[in-house]
Structures are given as C-alpha cells and as structure tokens.
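Undergrad: I'll drop the sequence and a predicted model, then ask my questions.
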Amino acid sequence: MTTATPTMTKAASGLRNIALSRALVAPALIFSIALTQIPFLVTIYFSLMRWNLLQPKERGFAGFENYIYVFKTGDLFPAIKATVGLTAISVVTSLLVGLLFAILLDRTFRGQSIARTLIITPFLIMPAASALIWKFSMFDTNIGVINYIVQKLGFSAIGWSTEYPYISVIILLTWQYAPFMMLILLSGLQSQSREVLEAAAVDRAGAWRTFLLITLPHLRQYIEISILLGTIMLLQAFDPVAIMTKGTGGTKTLAYLLYERAFVGMNVGQAAAYGVVTVVLTIIVATIALRTLFKVFMTGVNK
Amino acid sequence: MRSAKASIITFITWVIAVTYFFPVLWMFINAFKTENDAASLTPKFIFTPSFEGFQRLMDRGMASYLTNSILASVTSTVLVLLLSVPAAYALSIRPIVKVQDVLFFFISTRFMPAAASILPMFMIFKTLNVLDNVFALSLVYAAMNLPIAIWMMRSFLSEVPMEIIEAARIDGANFRTEVTKVVLPIVLPGIAAVALICFIFSWNEYFFSVLLTSANAKTTPPFLASFVDGRGQFLAVLSAASTVAALPVIIAGWLAQKQLVRGLAMGAVK
Amino acid sequence: MNKRIKSLALGGAVAGLLSFGLVGCSSDGGDVTLTLATVNNGQMKDMEGLKGEFEAANPGIKVNFQVMEEGDLRAAVTSDVANAAGQYDIVTIGAYEVPQWGANGWLTDLTADLADEAYDVGDILPPVRDALSVDGKQYAVPFYGESSILMYNKEILDKAGVKMPNKPTWQQVAAAAKKVNSAETAGICLRGKPGWGDLFAPLTTVVQTFGGTWYDMNWNAKVNAPEFVQAVTFYKDLLDSAGQKDPVSYSFNECLTALKTGKVAMWYDASVAASMLEADDSPVKGKMGYAHAPVVKTKESGWLWSWNLAVPANTQNKEAAIKFIKWATSKEYHQLVGTKLGWSLVPPGARTSTYAIPEYNAAASAYAPITLEVMSAVNPKQPGVNPQPWVGIQYVAIPEFQDVGNQVAQLVADAIAGRTSVKEALDKGQAIAQAAGDAQK
C-alpha cells in the first residue's frame, strides 16, 4: 500500500486497521470453530471407541483398534485411488466444459439469459434426484433415452453401470458441476476490461491469440478458485456412486466407503477413524498443493 | 460475414444448451406421465397428461417440507452472508496478519466427509435437545457453506481496484462509506452468486436432514427420495417431486443471474 | 436497497423462528400424535390412506407417517433407536432386524399385548412369526410378507415351445432361458445390483439350493467353498448367456419394468411382484405363469421376508402405538382394504386367514394359491442342505451381515461384470465373512 500520509499516522492507522480486521473476521471464525471443531473433537473421541450401533453391549474404549482396522483391511488405498482419480478427472472435464459454456455465453445474442438458465439448471437439481433420473431415464438399457438413441443408430444397448461404471460416474459429475465452473468463469470473463480487448481487436490480434495472451491470464484467479472449490465439492461426491455403481468397477470413493462404514456397517468407531484419517491426509495434500500451485491462496496480504 | 459467423455460433450455443438441458426437460415431461408411460420403451413425447404424481405430492403434504427447506436455506444463506462478507473483506482489502492460516482453516473445515461427522452431530444435537429443529439444522448448513462463501467472496473482493478505495479514502471516506458506497456496489453481483450457491447447497442438502430431523423439520430432499419405491415403479412420481423441488432454485438461479448480468455493466466501468 | 433486503430477510427469519416456536408448543395438547417411520411400498401407502379410519375410531390419537427411502429409513431409525433419541413411536423394520433389535432390548415385547382372541396371533403364518420371535417373545407384527417365485411370460415361452413345470429345477430354468433368449427379449431377469438385500436375496437362495451356505454350525465362513462358487458361477453364466443387459443396475423395479414391457421372458424375484404384473394397467396381465422358486438339491428354495411394525422400547406413547399396530395388522384391516381399496390390494403373506377370504382369492386367483403354498413350505430354520446356526433364509441374522453381504455383493458384481473371476471375488469375500463369523464364536 502506498499512501502519502506521514509515517506516524500510517502506523497508527495500520494498528487500527488490524484491530478492525480482526473484529471483522472474528464472528465467522468463532462460528466456524463452534460448529465444525467441536464435532471434530467428538469424532476423534468416537474414533477411539469400539462402538457398533447394532452391538450396544460391546461398546467400550478401543484405543487405536479402529485405526489399525483402517490400515489393515486394505480398503483405504483403493478408496484413495478412486477418490483422487474420479475427482481429478471430473474437475478437469467440468472445468473444460464450464469454460466452453462461459465463452459461448459471454456474448450478446437473442435469448441469452434463457440459454444461460438452461445450462445452469443441472447444477440446481438435487444430486440424488439427478443420479436417479440419469440412471432410469438416460442410462437404462430398456427405457433410457441414451440407449434408445444408441439402438436407433444400430448399435446394441450399453450397460452403463456394469460395463462403464467409472465413465458413468464422471459423465454425471461433469453434467452437474460444469455449470458451477461456468458461473465462476463467466463472472471472470465479464470482469475483463473492455478497453484491453478492444485494443487487442484494433491491433488485429487473432481471437485465439487474444484468448491465450489476455483472457486466460486474466482468468487465472477464477480458474484456480473453480478448481479449488470444485475439488472440495467433488471429493465429497456420493450420489452417483451410491445410486448407479455401488462402489463397483473402482468407484468406491472415500465418501462412499465412509458411508458404508457408518450406515451399513453402523460402525461409529470405524467411520470416525476413517473420517480422521481422511482429514489428516487431505490437510497434508492441500497444504502442499495450495502453497506451491495456487496464486489465489498466496496473494492477498500485500495486494 | 461477421453476422453470419455470429449466428452460427449462436445456433451452436442453443444446440448445446438444449442438449445439456435435455435430462431436466425429460424429467419435467415424465412428471406428467403415468408410471407405465414413463417406463415406455420408446420415449413418449405425446401422451395423455396425468397429474397422478402431483396429486401424491399434495396428499403427502409436500408444502410443509418445502416450507422447512425455505426456512433452512434462507436462514443459513443470510447467516453465511452476514459472516462471510466482513470476513472476506478483512482477508482481501484490509490488512490482516496470517491471512493464509485463516483461509486455510476455513477451507479445512470442509475436508471431513459428511458421513463421518453425521453421527457425532447427531449425538450433539441429541444432547442439546435440538433434534428435529429446522433452525439448528440451518446453523449446520451455514457452517457447511461458510468456507466456500468466504473463498468466493474473497476472490471477488480482490478484484476491486485498490485505486478506487484509496481515492475514496483520500476524499475522507470513513470505513462505513468505504464499504457501503464504494466496495459493496462493485461486488454486488459476486454477493448474489455466493448467495445463490449457498442457497442451492442448503436447499439440496440430504444427509444431515435425514438424520437430524424427523416429524417437524424434515426438508424436501429426503421427502423426494422417499418416493423411491422398493417394490414398484416410481420414475414419474419422482420426476414430479423433483420438478416441484427444483422450481424454487431455478427461479432463484434465474434472478441471481440477472444480478450477474448487471455485473457486466460494472465490469465495463473499471 | 440492499440494506432493506437484508433487514427484510432477517425479519423473516426472526418471524419464522417465533412462529416455529409457537407451532412447537401448540402441538402438545392432550392428544397423542404417533410418529410412524416407514418405506414407500404400495401396502404402506395404502395404510397411510386408511389411517383416517383408525383416527376416527380412536379419538385423541393421530398418526403421522414419516416415509423414507429404504436406506435412509435404516440409517435414521437405527441411529434413533440405538441412541434412545425417541423420535419415533412406531418403526417399520425388516425380518432381518427384528430378532437382533429385540435381543438388544430396543423393542417392546408384544407377546402379552397380542394374546387376545380377537387379534388371533396364531393366524400369522408360522414361518413369518418364527422369524420375528426370540426365545418365545414376539417383538414385531408382520404388515406383509413375501417369498420368491419364478414368473414367466407364457406367450413367449409357448412360442418357443417351452413348458415350465410347477416346481422347476435351475437347470430347467437355465435351458428355457437360453432357448427363448433373443436380441429383442432376454431369457431371464435376475438381480445384479450390489447389496445384501438386492443381489444377495435371490443369490443366497441359489447358493442354498446348490448345497452351499454362508456359515456352518460353528460359524466358519463357507463363501469360497465349492458349492458357493458353483452357485455364483451358475448365476453369472446364466446372466451372461441369457440374462438382461447391465445387471449391476438391476434390482426389483428394473426387472419389473423389463417384464412389463416384454423385454424379458422370465423373472425370479419376490412373490409380491405377481400382484403388480396382474394389476389392471399391466400390459402382461393374464399372460403370466407362476412357479415355485427353482431348486437343485433342496425341496423348496423360496426366501422369506416381511416388513413389520414394531414399537421402540423408549417411546412415550406405547399404549397408543400398540393399539395402532394391532389395528394395521388385524383381520378387520384386511377387510377394510378389500372393501375400500380393492381386494387384490390386501397385504399378502402375513395371515393365513387372508387366503380364506373368497373375494381375495377371486381377485388374486393367479398368484394367491402359490404364494400361500410357498410361504407355508419354506423353512427359515434350515433353508439349505445343512443345518445353520441362525433363523433366516436369504440373510444371516447377525448384525454384521448387512455389511458383509454388501461387500461380498460388490465383489460378486465385479465378477459378473467380468473384471475379476468368481473364485477371486469369493476368496476375498471369504476373508470378510470369516472376520464376522469369528465374532459369533
């Protein structure tokens, strides 16, 4: 910050500013700690208990039994693999599709706002309903529209969940999350300075060059935030797996595995242990990724 | 020449938009079918409309679930905005030490998979005697959406040109004026986008509602899923329920979009 | 402007809070409101439709139905009952849960309350009642029950010149399925959706009639024993050669649609399906034939399932709750359904006397006799070739089973999809099952 005020006042106002800033962050911080960290402590406590809801008589202190279970059964590594794979691919496909939509919609044309609403809609539908609708009315071998078209084209029907579980999940996740990416990227495109673009047009820079040299660098912050938030949300994606593949074909993600521990196994202790392990792993990965890759995380203090 | 190219792009845009929207359109259409028509081998576009599905929603009292959803979503969204806008402001425009740590803390609260934290949450709710309370539920939703809101708000706020703020400060604007007259108008579309996204996430949240509510505070998503019939076809009634449940968010989405469009004009100002 | 919106929204929220508080208070009058957690199956919908009759006959008692998806119901009700949160006065639970929950002390012992002559507890089908009792104490009443039967489209089979006996063997069924299988119509529909209650309901009965079992008398897992492997291999081969496409997506509803639209010729599944295939709006009404569950080494192979009403031990409204569940499972209720909604809709498979109602037998003539025959013939104490240490047919009545069954079902589904071999899948399944078996020793 460069202002022309004398040093003394600047220091004083800096102090006042810091006090003010703290006061601004405090409510959010306190609220968040109360509503997420207390349950987290409870989760850690549960992870040290032998506690299956269906076996109340066996309940007791277990030490690290549940953690040993997590690492010994061999479910953890495949689940991490499935989670990372499905999340990474879906984030990239959603981002690309979202970017395409954003570019197409960043023009003025007749019915623009209707087209935009149509494209946003998949993101607005409840995920479980989307998964059910896709399973029955799109992917189904008898009554699904996709297979109807496939058969009309002379091919035999595709058993999506059996033959292509991995791809089915990615298709559905992309369909749901690309509009979210589009929303963020579109607001990025719209915040571009018109003068710069017009100057580029005057300079007869091609559309592609303009995009690569001007638009893309401008969008970097927006792409990063899309990737970051998209990853956070897709890591938790659950419904396509629960409704279409049930974890077969390498789609048993951590979110689904954990659900099974908690609500099929009814094992509070094991679910909690898996939860704690997931949080620790994510923090490690996120720390490295954020500090090395993301400008949006690093910049800010000395803007 | 130029306009021919433009209309081709417009045409392609429309084809893509309609194709992309088709599963939702198909859901709307199926909502007006009988179960047999919805399960027809050749997709039926022409059929005698049936309101059976909607009748069943009414019979089962969908209105009260929608009311709970509105209460939970609006309350949590308002709360999120009240908490996130000042916090994001401090984290982007006003100097604060350890910005990164604070930011990281917020995002890390989203790392716990929902399935792991639900049973602990259930125990806490039971101990505090707030099971089946829609406002307790909305606090959970607010906590769930807060990190996303702060991160999004922050990236919008850091787009505000520092020169404008400094110019205002030199003109003697106090903190209050700086916020209300300078910064907020610029990021209003951003706030709308954040509000929309928080509203959608709360509206569609499923797990917590299943476990933490029962007779009084149950929201729409579990109600919607309750039409999944273990012993019979349910595509038509599920489509009807999903259609009704989606309408409020589609309208909200459409309205918030207009805010985003207005942001276009503001972007041009800078 | 923005400020005004904000204050409006806040005001709305506060007003909402207040009104919510008021509603919360006013509902606690002298009246009792029972909260009943249930699933969306047809018979439950009918019960919800008729609850007004009960409320009219019992002033002061209201019944509030909380309908949930089956998985949600298990999660919500188990968490609630296990932690004594007391949100539900009546719960709908499966035959699998009743004995375990009863033994845990979570359910009200109904034995004494059901003893009156009018209710006639002895009328409940004996195998169903056996599955709901522990040490002579009955913890739930069956709302409806089902077994599994083979259903086939007579037109398609006739055209291919196939005759289906009343008690077919699996070899006969497989041969018939292959004979009628064509590009247009699959020979048979079998569940492949991974889940202990989906894939493993029919598959466990196949395993048992092939001579296999989940556990022997000493709780040693038998999942990779030759009979189990042989049965699963048979199931997979049948699906490969004459089954529907995309088995992983298929369970009851998907097969029902496939059968109604003529995309498959045969189907082995719950007996309650027959009433849907014979419904007035069904395209295959009157074209169907029904046979006993196919067998290999046993005499019968049908499963046994019931959805039951139970009263959690910690409810505040025990008396009213018991009154309601007795009403909903009484002979009078069956008459009520018959006269008000139609005789074919009477909940099947719970009471012997249902099958003595002339109107019901007339309306359900196509499938009522075989349902009663099969349901009375199956033996949940020893469904397989060898004795087993639990009561139950298509499930193992231990708390770990839904978990074990689910995991093994996922492994088998990967084998059905051709990603692993059956042997490999079942070897892994054996380890999972053995860990649960060791806990029973």
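TA: Alright, I've got the coordinates.

Undergrad: close enough to count as contact, residue B:130 and residue B:123?
TA: No: assessed by CB atoms under 8 Å, residue B:130 is found out of contact with residue B:123, at 11.8 Å. Glycine gets a C-beta too; all of them are placed from N, C-alpha and C.

Undergrad: any idea how far apart the tips of stretch C:116-125 sit?
TA: End-to-end distance for stretch C:116-125, by CA to CA, to the nearest Å: 17 Å.

Undergrad: residues making contact with it?
TA: With contact meaning CB atoms under 8 Å, 6 or more residues apart in numbering or on different chains, stretch C:116-125 is reached by C:114-115, C:129, C:138, C:141-142, C:145, C:326, C:330-331, C:349-353, C:375-376.

Undergrad: write out the residues of the stretch 251-400 of chain C neighbouring chain B.
TA: C:252-253, C:256-257, C:260-261, C:263, C:270, C:272-273, C:276, C:281, C:283 (CB under 8 Å from any CB of the partner chain).

Undergrad: make a PyMOL selection of the buried ones in those residues.
TA: Buried subset of these, written as a PyMOL selection, criterion 16 or more other CB atoms under 10 Å in any protein chain shown:
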select buried, chain C and resi 252+253+256+257+260+261+263+270+272+273+276
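
Undergrad: need the contact list for residue B:68.
TA: Contacts of residue B:68 by CB under 8 Å, 6+ apart are B:134, B:213, B:217, B:218, B:219, B:220.

Undergrad: actually, residue C:103.
TA: Contacts of residue C:103 by CB under 8 Å, 6+ apart are residue C:134.

Undergrad: hmm, back to that, reformat the residues of the stretch 251-400 of chain C next to chain B as TSV; add distance to residue A:179 and secondary structure.
TA: Shown next, in TSV, are those (distance: CB to CB, whole Å; DSSP: H, G, I helix; E, B strand; the rest coil):
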residue	distance to residue A:179	secondary structure
C:252	34	helix
C:253	30	helix
C:256	34	helix
C:257	30	helix
C:260	36	helix
C:261	34	coil
C:263	34	coil
C:270	40	strand
C:272	41	coil
C:273	39	helix
C:276	38	helix
C:281	38	coil
C:283	39	coil
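
Undergrad: lowest-confidence entry in the residues of the stretch 251-400 of chain C next to chain B?
TA: When these are sorted by pLDDT, the bottom entry is residue C:281 at 87.

Undergrad: the closest residue in space to it that isn't next to it in sequence: what secondary structure?
TA: Residue nearest to residue C:281 in three dimensions, not counting chain neighbours: residue B:36, with 5.8 Å by CB to CB, 6 or more residues apart in numbering or on different chains. Under DSSP: H, G, I helix; E, B strand; the rest coil, residue B:36 falls in the helix class.

Undergrad: check residue B:36 and give its pLDDT.
TA: Reported pLDDT for residue B:36: 89.

Undergrad: quick one: it and residue C:256 touch, right?
TA: No: taking contacts as CB under 8 Å, residue B:36 lies outside contact range of residue C:256: 11.2 Å.

Undergrad: quick one: residue C:345 and residue C:144, what's the gap?
TA: 10 Å (CB to CB, to the nearest Å).

Undergrad: residues in the stretch 51-200 of chain B within reach of chain C, list them.
TA: B:60, B:71, B:74-75, B:78, B:81, B:119, B:122-123, B:126, B:131-132, B:134-135, B:184, B:188.

Undergrad: count of neighbours near residue C:385?
TA: Neighbourhood size, residue C:385 [other CB atoms under 10 Å in any protein chain shown]: 16.

Undergrad: once you drop chain neighbours, what's closest to it?
TA: Going by CB to CB, 6+ apart, residue C:385 has residue C:211 as its nearest residue, at 4.5 Å.

Undergrad: ok, now how distant is the one you found from residue C:302?
TA: From residue C:211 to residue C:302 the distance is 17 Å (CB to CB).

Undergrad: try residue A:178
TA: 48 Å.

Undergrad: with residue C:293 instead?
TA: For residue C:293 relative to residue C:302 (CB to CB), the value is 4 Å.

Undergrad: residue C:77 now?
TA: Taking CB to CB, one finds residue C:77 at 27 Å from residue C:302.

Undergrad: higher neighbour count, these two?
TA: Legend: neighbour count by other CB under 10 Å for residue C:77 and residue C:302, higher for residue C:302 (29 against 24).

Undergrad: sec struct for that one, please.
TA: coil.

Undergrad: what pLDDT does it get?
TA: pLDDT, residue C:302: 95.

Undergrad: surely it is in contact with residue C:205?
TA: Yes: the pair residue C:302 / residue C:205 is scored as a contact, 7.0 Å apart, by CB under 8 Å.

Undergrad: residues in contact with both of those two, list them for me.
TA: C:148, C:293, C:393.

Undergrad: which one (most neighbours) among the residues you listed?
TA: Ranked by the number of neighbours (other CB under 10 Å), the shared contacts of residue C:302 and residue C:205 place residue C:393 first, at 28 neighbours.

Undergrad: quick check, that residue in contact with residue C:381.
TA: No: at 9.5 Å, residue C:393 does not count as touching residue C:381 under the criterion of CB under 8 Å.

Undergrad: which residue is the nearest non-sequential neighbour of the residue in chain A that chain B sits nearest to?
TA: Here the residue of chain A nearest chain B is residue A:275; by CB to the nearest CB that distance is 2.6 Å. Spatial nearest neighbour of residue A:275, excluding adjacent residues (CB to CB, 6+ apart): residue B:116 at 2.6 Å.

Undergrad: is that neighbour in contact with residue A:278, as I believe?
TA: Yes: contact criterion CB under 8 Å: residue B:116 and residue A:278 qualify, at 7.1 Å.

Undergrad: with neighbour numbers in mind, choose between the two.
TA: Remark: of residue B:116 and residue A:278, residue B:116 carries more neighbours, 31 against 24, as counted by other CB under 10 Å.

Undergrad: for that one, give its distance to residue A:279.
TA: Distance from residue B:116 to residue A:279, by CB to CB: 8 Å.

Undergrad: need phi/psi at residue B:233.
TA: phi -80, psi 150 (degrees, to the nearest 10).
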